[in-house]
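Q: structure of the sequence below:
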Amino acid sequence: MPKLKIDGKEIEVPAGLNVLQACELAGVEIPRFCYHERLSVAGNCRMCLVELKPGPPKPAASCAMPVAEGQEVFTNTPMVRKAREGVMEFLLINHPLDCPICDQGGECDLQDQSMAYGVGRSRFDENKRAVKDKDLGPLVETHMTRCIHCTRCIRFSTEVAGVEEMGATGRGEHMEVGTYIEKCLTSELSANIIDLCPVGALTSKPYAFAARPWELARTETVDVMDAVGSNIRVDTRGTAVMRVLPVLNEDINEEWISDKTRYACDGLRRQRLDTPFVRRDGALSPANWDEAFAAIVSRLRGMDGAKIAAIAGDLADAEAMCALKDLMEGLGSPNVDCRQDGAALGGGARSGWLFNTTIAGIENADAVLIVGSDPRREAPIINARIRKRWLRGGFKAGVVGPNIDLTYSTEHLGAGPQTLKEIADGSHPFCGTLKAAEKPMIVVGQGALARADGAAVLAAARKIAEDCGAVTDDWNGFNVLHRAAARVGGLELGLLPGMGGRDVASILDGASKGEIDAVYLLGADEIPMERLGKAFVIYQGHHGDAGAHRADVILPGAAYTEKNATYVNTEGRAQRGRRAVFPPGEAREDWTILRALSDPLGCKLPYDDIFALRRRMAGISPVFDEIGLAVPAEWGAFGTAGAMDDASFATPIANFYMTDPVSRASETMAACSRAVLGLGREATGTDG
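A: Residues are numbered from 1 along each chain as shown. I've put the predicted structure just below:
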């Protein structure tokens with residue numbers, strides 16, 4: 001480890017760092033625009049100049065200069081100050097005086113650094129240049145005259161997102177950043193370039209001129225648009241969610257979020273359920289809570305528990321699911337399920353439904369077999385991690401399922417179970433790749449598990465993991481990739497059919513045959529509602545989606561930004577979501593609705609506050625006592641060996657931008673569906 005002096009202070013740093021990183025370790029702030037620790041070094045802006053001895057007789061760019069033994073670094077000499085002032089003066093030559101109207105105002109690196117390192121005057125008397133704005137689609141607004149050519153957006157799109165759509169044309173002051181041929185950005189991570197842009201050249205199009213940063217209240221919480229559990233910050237003004245931004249978490253999302261996570265929030269203002277409804281004479285009519293509860297009690301009281309069923313949806317929080325499970329037990333019903341898609345998960349060892357490697361652990365793998373999954377659309381953040389590992393080299397990826405572009409090189413092994421059988425019996429050539437790897441990884445998606453033969457597919461994947469050495473004392477490379485934020489929490493709480501109970505498919509079959517008389521839908525909108533037959537349907541949720549249209553009684557719940565709740569991500573990490581705004585109208589937090597309903601039903605739940613409920617959850621699974629930690633699972637038996645269908649695995653997501661009630665209500669996501677996927681207004685369910 002080389003030793004060097006920074007402003008007279010001796011420090012020892014790991015080999016391979018650059019001078020800028022060494023200065024950061026020493027607690028010395030170095031200004032920069034183009035440098036970013038997660039991107040390659042460009043050395044464009046020259047703002048990070050320092051003086052080096054021994055070294056050149058002029059300032060050196062610290063981001064591009066490696067540390068060396070005995071080096072002396074000076075960050076605040078007259079030479080350095082003069083050089084930085086000169087660089088800042090050049091950067092501001094063509095920059096427009098847009099600060100009062102710029103959406104970046106108050107959060108702008110250029111503003112901050114011009115205050116700290118600028119001279120406060122300009123000697124440039126020539127005409128400023130102007131650059132035509134680019135149309136990058138419905139998410140990113142461009143003001144390219146402000147661009148300082150840091151190329152962060154280009155490097156992010158190429159290196160992290162893996163979609164080489166952005167670049168630069170021209171030289172010198174004629175250089176322009178854009179997409180060469182004007183087109184919409186198609187990456188699922190595209191809007192992260194807004195956060196990376198150090199000036200106001202790239203801003204949020206849906207958020208344009210909506211608010212100033214000092215007007216907003218900030219709440220750190222958890223995303224539920226997929227099962228990754230990305231850490232986010234929800235910015236609100238009054239009762240409105242204005243925007244969603246990423247929060248740094250090295251173990252999960254680093255500092256990125258998907259476009260759906262960032263922009264589906266406008267769906268929280270549309271098609272909301274804000275009052276109870278009761279179906280009278282074939283039509284839903286507004287009601288108060290007492291009337292809604294009375295309608296439910298009149299139908300459920302005295303009903304045989306075997307004729308009552310409950311299904312938890314993909315956005316349900318753990319508190320609500322625990323209360324639902326306890327309510328169904330109080331009513332004597334074993335018919336409870338949290339697997340809307342019918343995935344063959346649960347009932348065995350925890351390791352059979354978790355992403356055991358952990359998201360950060362992907363970077364330690366050296367081979368991956370992806371079975372029936374499209375991680376680019378199901379979990380863009382996890383796909384970016386796999387790409388990050390692939391970029392380092394020495395990493396091979398094989399895919400069984402649809403042959404799709406995952407932004408990194410893959411070997412398409414086959415389309416379905418036949419290929420999986422060959423890998424499981426050791427006859428496929430890719431077996432050699434997995435066995436030669438020190439830390440192989442298997443990723444099984446819902447496209448392989450949400451089938452009639454899902455249990456057999458799971459068993460085959462388990463056999464492959466054991467045979468190829470993916471499960472050892474210090475490494476578990478078997479992973480299930482979920483796409484529903486509620487799924488792992490529901491499995492941990494045991495929201496599965498009890499003794500003699502029905503799963504989702506059997507509940508729907510029983511309802512259509514008249515064997516199930518009442519169905520409680522906790523935000524469950526992804527099932528075929530026409531198969532509920534003549535059953536009495538109670539829908540508890542926050543949007544007027546498919547379940548609300550079929551319901552006989554609607555109980556308005558709270559969305560994820562409107563409640564204090566717990567979610568468990570795909571790797572089994574329990575995290576707390578925090579309330580940013582209150583639910584609209586008469587809507588209430590979901591667990592409180594179930595607790596209130598249990599009283600008139602005669603099976604009062606034994607908790608009156610969220611702390612008692614969370615103690616109950618921790619009693620069911622220790623995961624809920626380890627907030628923020630991915631609790632490892634013991635390897636055990638899961639899956640059921642058997643015959644597999646010959647049908648190819650299919651991707652479970654047809655439209656990345658619309659997968660749940662919130663995103664389906666979002667105008668921005670509808671615009672993305674039209675611009676990126678070419679879906680018309682009829683397909684997106686919007687009128688403009």
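
Q: T640 contacts D453, correct?
A: No: the pair T640 / D453 is not scored as a contact, 9.6 Å apart, by CB atoms under 8 Å. In short, each C-beta sits where N, CA and C put it, glycine included.

Q: quick one, which of those two is more surrounded?
A: Between T640 and D453, D453 has the larger neighbour count (other CB atoms under 10 Å), namely 20 against 15.

Q: ok, the more buried one to E164 distance?
A: Relative to E164, D453 is positioned 38 Å away (CB to CB, to the nearest Å).

Q: any chance you could map the strands in the stretch 351-500 of the chain?
A: For the stretch 351-500 of the chain, the strands defined by DSSP state E, counting those that start in this stretch cover 367-371, 396-400, 411-414, 440-445, 471-472, 475-476, 478-481.

Q: same question for the stretch 151-300 of the chain.
A: 167-169, 176-178, 202-204, 217-222, 231-237, 240-246, 277-280, 283-286.

Q: the last one pairs with which strands, and in what direction?
A: Strands that pair with strand 283-286, judged by DSSP bridges, come out as strand 277-280 (antiparallel).

Q: got the contact list for the strand it pairs with?
A: Applying CB atoms under 8 Å, 6 or more residues apart in numbering, the contact partners of strand 277-280 are 284-287, 291-292, 295, 548, 551-554.

Q: buried subset of those?
A: Buried by 16 or more other CB atoms under 10 Å: 284, 287, 291-292, 295, 548, 551-554, out of the contacts of strand 277-280.

Q: tabulate the residues you listed (TSV), appending pLDDT.
A: Listed next are the buried ones among the contacts of strand 277-280 as TSV, based on pLDDT from 0 to 100:
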residue	pLDDT
L284	95
A287	96
E291	96
A292	97
A295	96
A548	96
A551	97
D552	97
V553	97
I554	98
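
Q: out of those, which is nearest to A596?
A: Checking the buried ones among the contacts of strand 277-280 against A596 by CB to CB gives A292 as the nearest, at 10.4 Å.

Q: roughly how far does the closest residue to that closest one other than its chain neighbours sit from V662?
A: Using CB to CB, 6 or more residues apart in numbering and skipping residues adjacent in sequence, the residue nearest A292 is P276, 3.7 Å away. P276 is 20 Å from V662, where distance means CB to CB.

Q: for T203, same thing?
A: Counting by CB to CB - T203 and V662 are separated by 23 Å.

Q: likewise for G137?
A: From G137 across to V662, the span is 21 Å (CB to CB).

Q: higher neighbour count, those two?
A: Each of G137 and V662 has its neighbours counted (other CB under 10 Å); V662 has more, 26 against 20.

Q: what sits against the more buried one?
A: Counting by CB under 8 Å, 6+ apart, V662 touches 225, 264-265, 267-268, 315, 543, 559-560.

Q: would you turn those residues into CSV with distance to A349, neighbour count and pLDDT?
A: Listed next are those as CSV, based on distance: CB to CB, whole Å; neighbours: other CB atoms under 10 Å; pLDDT from 0 to 100:
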residue, distance to A349, neighbour count, pLDDT
M225, 28, 27, 96
A264, 34, 26, 97
C265, 37, 29, 96
G267, 37, 24, 96
L268, 37, 24, 96
L315, 26, 25, 97
H543, 35, 24, 96
A559, 33, 26, 97
Y560, 29, 25, 97
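
Q: output these as JSON lines; include the columns distance to A61.
A: Shown next, in JSON lines, are those (distance: CB to CB, whole Å):
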{"residue": "M225", "distance to A61": "39"}
{"residue": "A264", "distance to A61": "40"}
{"residue": "C265", "distance to A61": "39"}
{"residue": "G267", "distance to A61": "44"}
{"residue": "L268", "distance to A61": "44"}
{"residue": "L315", "distance to A61": "47"}
{"residue": "H543", "distance to A61": "51"}
{"residue": "A559", "distance to A61": "47"}
{"residue": "Y560", "distance to A61": "44"}
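
Q: would TSV of the buried ones among the contacts of strand 277-280 with distance to E37 be doable?
A: Shown next, in TSV, are these (distance: CB to CB, whole Å):
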residue	distance to E37
L284	53
A287	55
E291	57
A292	53
A295	57
A548	46
A551	50
D552	55
V553	53
I554	48
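
Q: what two of the residues you listed are the furthest from one another?
A: The distance between the two most remote of the buried ones among the contacts of strand 277-280 (CB to CB) is 16.9 Å, for E291 and A548.

Q: list the buried residues for stretch 39-56?
A: By 16+ other CB under 10 Å, the buried positions in stretch 39-56 come out as 39, 42, 44-52, 55.

Q: stretch 122-136 too?
A: In stretch 122-136, counting by 16+ other CB under 10 Å, buried: 131, 134, 136.

Q: output it in CSV with nothing but the alpha carbons.
A: Taking Å, rounded to 0.1, in the frame of the first residue of the first chain, the C-alpha atoms of stretch 122-136 are listed here in CSV:
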residue,chain,number,x,y,z
SER,A,122,-16.6,36.7,-16.8
ARG,A,123,-14.3,38.2,-19.4
PHE,A,124,-16.1,36.6,-22.3
ASP,A,125,-17.8,39.2,-24.5
GLU,A,126,-18.6,37.0,-27.6
ASN,A,127,-21.9,35.6,-28.5
LYS,A,128,-22.9,32.5,-26.5
ARG,A,129,-23.5,29.3,-28.4
ALA,A,130,-26.9,27.7,-28.5
VAL,A,131,-27.6,24.0,-28.9
LYS,A,132,-30.9,22.5,-30.0
ASP,A,133,-32.7,20.4,-27.4
LYS,A,134,-33.0,16.7,-28.0
ASP,A,135,-36.2,14.6,-27.7
LEU,A,136,-35.2,11.6,-25.5
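
Q: list the contacts of that stretch.
A: 89, 92-94, 96, 142-145, 147, 173, 176, 178-179, 182, 184-185, 190.

Q: ok, stretch 46-57 next?
A: Applying CB under 8 Å, 6+ apart, the set of residues contacting stretch 46-57 is 19-20, 23, 30-35, 59-63, 65, 71-75, 77, 79-80, 83-84, 87-88, 91, 113, 117.

Q: if you skip the residues just before and after it, what's nearest to L594?
A: Excluding its sequence neighbours, the residue lying closest to L594 (CB to CB, 6+ apart) is A323, at 3.9 Å.

Q: check the gap between that neighbour and E176 for me.
A: Look at A323 and E176: by CB to CB, they are 56 Å apart.

Q: still on that earlier bit, quick one: contacts for the residue nearest to A292?
A: Going by CB under 8 Å, 6+ apart, P276 touches 286-289, 291-292, 553-556, 586.

Q: closest to K260 among those?
A: Using CB to CB, P556 comes nearest to K260 of the contacts of P276, at 23.8 Å.

Q: now do the closest one, the pLDDT please.
A: According to the prediction, P556 has pLDDT 98.

Q: S122 now?
A: On the pLDDT scale, S122 is placed at 83.

Q: and for G685?
A: For G685, pLDDT reads 57.

Q: low-confidence stretches in this protein?
A: Applying pLDDT under 70 to the chain picks out residues 680-688.

Q: how far off centre is stretch 269-285?
A: 31 Å (CA atoms, centre = their mean, to the nearest Å).

Q: can you check stretch 221-231 too?
A: The answer for stretch 221-231 is 5 Å, by CA atoms, centre = their mean.

Q: what's the closest of the buried residues of stretch 122-136 to L677?
A: The closest of those to L677 turns out to be L136 (CB to CB; 16.0 Å).
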